[in-house]
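Enquirer: below: sequence and its predicted model.
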Amino acid sequence: MIKKNRPKISTQFEINAIVFYANMILLLPLILVVTYLFEIDKFLNINEFMFWILIFNFVSLVTGTIVLALNRDRLRRKVKVTYRNEFFYLVFLFVFGLLGFVVLYDFMGGDRAYIANILVVLFAGLLYLAILLGRKYFNLYYINKR
Amino acid sequence: MKKKQISDESLNRIIKYLAITLLFFGVIFLAMQFSDFWNWILAAIKTVAVPVLLAYFTSLIVFPVIKYLEKKGVGPRGFSLAIVFVLTVSIIFAGFYYLIPRIVEEITNFFNRDVQTIITYLQTGLRDDFIFGTDIYDQVYTYVTETDIISSTLDSMIPNLINTLTDSLIPLLSSVILLPILLIYYLLDYEVISEKIRSVVPQKNAKNVAELGSRLNNTIGAYLRGQVFLMVVLGIVATIVYRLIGLKYYLVFGVLVGITNVIPYFGQIIAAVPPIIYTFIATTGPGPITVLAVNLTLQFIEGNIFQPLIIGHQLSMHPIVIIISILFFGSLFGFVGIIFASPLAASLRVIYNFYREKKQEKKLNTKAEANTS
C-alpha cells in the first residue's frame, strides 16, 4: 500500500533547474563579491562592469535554459535519495549572493548605516528559503539533529 | 540471621583486581624513580609524533583529490601527486603573494596612524569614559605612576612570552619544514604503508583493525576537509562584512577570523576581541556593538548552517568534550595539540564506539550460540 504522506522524490531535472536559476539570479551579486573582496572595484568603472555582467548573465540564462530543456527527459529519469552536495552548493550560493546584494547596494550609493538591517532581513529570508527548498526538493532535513 | 558468605569466584575476582591495582601502582612508583629517562623518551616521542600526525592529517585532506584524479585516468601516482602538490603550493603562494603585502600595509598604517591616537586616548580621553568615575581613575593612575607597575610587569612578562613562543615555534617550524617531505613519501606509498601497518596486527584482529582504520580515516578526513573549507569561507565572509560595515583594517581582522576558526569555540572569541577593542578606541567607523553583532551572526551561521552541512551531525561533539580535549591535547602537544584537539577527540570517540559495537556483537553471537545448542 502506498503511504499518503510519503516524501516527494525530486528528479535531477528539478534540482538542476533550481540550482541553475538560483545561480543565474545571484550571478551578478556573486561576481560583485569577488571584485569587492579583491578590491578590483577600485580599478574598474563599476557601472560598465555590471552592464557586461548582465549581458553575460542573459546569454548564460538562455544557453542554460536550452541545455536544460534538451536534457530534460534524460535528467527526469535520474533520481537520488538526497541531494546533499547540490544543496550544499545552493547554500554556498545563498551566502555569497546575500553578501553580493549588499555589495550591490553599496555600489549603488546606498546609506551604509542601513547595511546591517538589510543584511539581517535578507539573511532571514534566504535562510527560510533554504530550509523550505531543502525539505521540499532536496530531501534534506538538515536542521534536525537526528 | 545467617550471614551470606562470599563465593570463591567473587573472592578470586577481588584478589585479582587488588593484585592488578598494586602492580599498577608499583609500576608507576618504579617509573617515577627514572623520571628523567621517561621525560627524555616522551620528548623524543613528541618530536616524532607531531610531524607524523601533521602529515597524516594533511594526507586525509589531499588523498581524496589524488584518488579522484586517478579515477579520471590521471596517473601514475607520481604524476597525480605532482599535479596536486604543484596546485597546492601555487594556491598557498598566490594567497601569500596577495595577502602578505596588504596585511603588512594595514599593520604599518595601524602603527603609523592609530597607535598615537590610542596612547593619547589612554592618557586623556579614558579619564572621562572610565566607568567607575574620575576619582577612582585618578587613584588608579597615581598608583600606576608611583609604583611603576606596568614596566616591571612587562619586564617580567616579555622574556617569559618570548621563551614560550620560541619553545612552541621551533617544533612547529621544524614540523612545517618536514611536512612536505613526509607527505610526499606517505602519499606515494599510501596503500603500501597502510598494508604494512595492517600486517603488524595479528591475523585474528586484522579485519577489525582494517575496519576501524577506515572508519577513523573517514571521520577525521571529513572533519579536517570541512574545517579547512569553513576556515576559508568564514575568512572571506568576515572580510567582506567587515569592509561593508566600514571597519578599518578589515583584511587583518577577516583573516584573523578565518585562522582562529581552527580552534573550536575559543577561536571566534579570540577573533572578535581585537576588532571590538579597536572600535572602542577608533573615532570613525562602526561601533563595538555592530562588530559584536557581526561576530555573533558569523558564529551562528558557522555553528547552525555550515557545520551541520559540511562536517555532519555524526561528528558533532558536546562543547564540554571539545573544551576538555583542547585543554588536554593543548598541554600535551602545545599549539598543534590545540588545533588538532577536535579531530583527536573525534577519533577517540570512533574507537570507543567501535569497541562498544564489537562487544555488543560478541554478546549477541554468544547468546545466539547458546540458544542453538
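Expert: Sure thing, it's come through.

Enquirer: can I get the one helix or strand B:Ile269 maps to in PDB, CA atoms only?
Expert: Here B:Ile269 sits within helix B:266-281, counting by DSSP states H and E. The C-alpha trace of helix B:266-281 is given here as PDB (Å, rounded to 0.1, in the frame of the first residue of the first chain):
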ATOM      1  CA  PHE B 266      37.600  29.900  21.600                       C
ATOM      2  CA  GLY B 267      38.700  30.800  18.100                       C
ATOM      3  CA  GLN B 268      35.700  33.000  17.400                       C
ATOM      4  CA  ILE B 269      36.100  34.800  20.700                       C
ATOM      5  CA  ILE B 270      39.800  35.400  20.100                       C
ATOM      6  CA  ALA B 271      39.000  36.800  16.700                       C
ATOM      7  CA  ALA B 272      36.200  39.100  18.000                       C
ATOM      8  CA  VAL B 273      38.300  40.700  20.700                       C
ATOM      9  CA  PRO B 274      40.800  42.800  18.600                       C
ATOM     10  CA  PRO B 275      38.200  44.500  16.300                       C
ATOM     11  CA  ILE B 276      35.900  45.200  19.300                       C
ATOM     12  CA  ILE B 277      38.700  46.800  21.200                       C
ATOM     13  CA  TYR B 278      39.700  48.700  18.100                       C
ATOM     14  CA  THR B 279      36.100  50.100  17.600                       C
ATOM     15  CA  PHE B 280      36.100  51.200  21.200                       C
ATOM     16  CA  ILE B 281      39.100  53.400  20.600                       C
END
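
Enquirer: distance between it and the chain's centre?
Expert: Centroid displacement of helix B:266-281 relative to its chain, using CA atoms, centre = their mean, to the nearest Å, is 20 Å.

Enquirer: list the contacts of that helix.
Expert: The contact list for helix B:266-281 (CB atoms under 8 Å, 6 or more residues apart in numbering or on different chains) reads B:114, B:117-118, B:121, B:238, B:242, B:247-249, B:253, B:256-257, B:259-261, B:263, B:285-288, B:290-292, B:295, B:298-299, B:302, B:326. Yep, even glycine has a C-beta here, placed from its N, CA and C like the rest.

Enquirer: for the spatially most central residue of chain A, give its distance to chain B.
Expert: Centroid-nearest residue in chain A, with CA atoms, centre = their mean: A:Ala22, separated by 3.3 Å. Distance of A:Ala22 to chain B, given as CB to the nearest CB, to the nearest Å: 16 Å.

Enquirer: any residue of the helix or strand containing B:Ile45 up close to chain A?
Expert: Per DSSP H and E, B:Ile45 falls inside helix B:35-71. No: judged by CB under 8 Å from any CB of the partner chain, helix B:35-71 stays clear of chain A, getting no closer than 13.6 Å.

Enquirer: for A:Thr11, phi and psi?
Expert: phi -90, psi 160 (degrees, to the nearest 10).

Enquirer: burial count for the closest residue to it other than its chain neighbours?
Expert: Once flanking residues are discounted, A:Thr11 sits nearest to A:Arg76: 4.8 Å by CB to CB, 6 or more residues apart in numbering or on different chains. For A:Arg76, the count of nearby residues is 12 (other CB atoms under 10 Å in any protein chain shown).

Enquirer: where does the stretch 251-373 of chain B come near chain A, residue by residue?
Expert: B:290, B:293-294, B:297, B:301, B:304-306, B:308-310, B:313.

Enquirer: pLDDT value on residue 129, please?
Expert: Reading this off chain A. pLDDT, A:Leu129: 88.

Enquirer: could you do chain B instead?
Expert: Looking at B:Asp129, the pLDDT reads 73.

Enquirer: now do the contacts for it.
Expert: Contacts of B:Asp129 by CB under 8 Å, 6+ apart: none found.

Enquirer: now do B:Lys358
Expert: B:Asn208.
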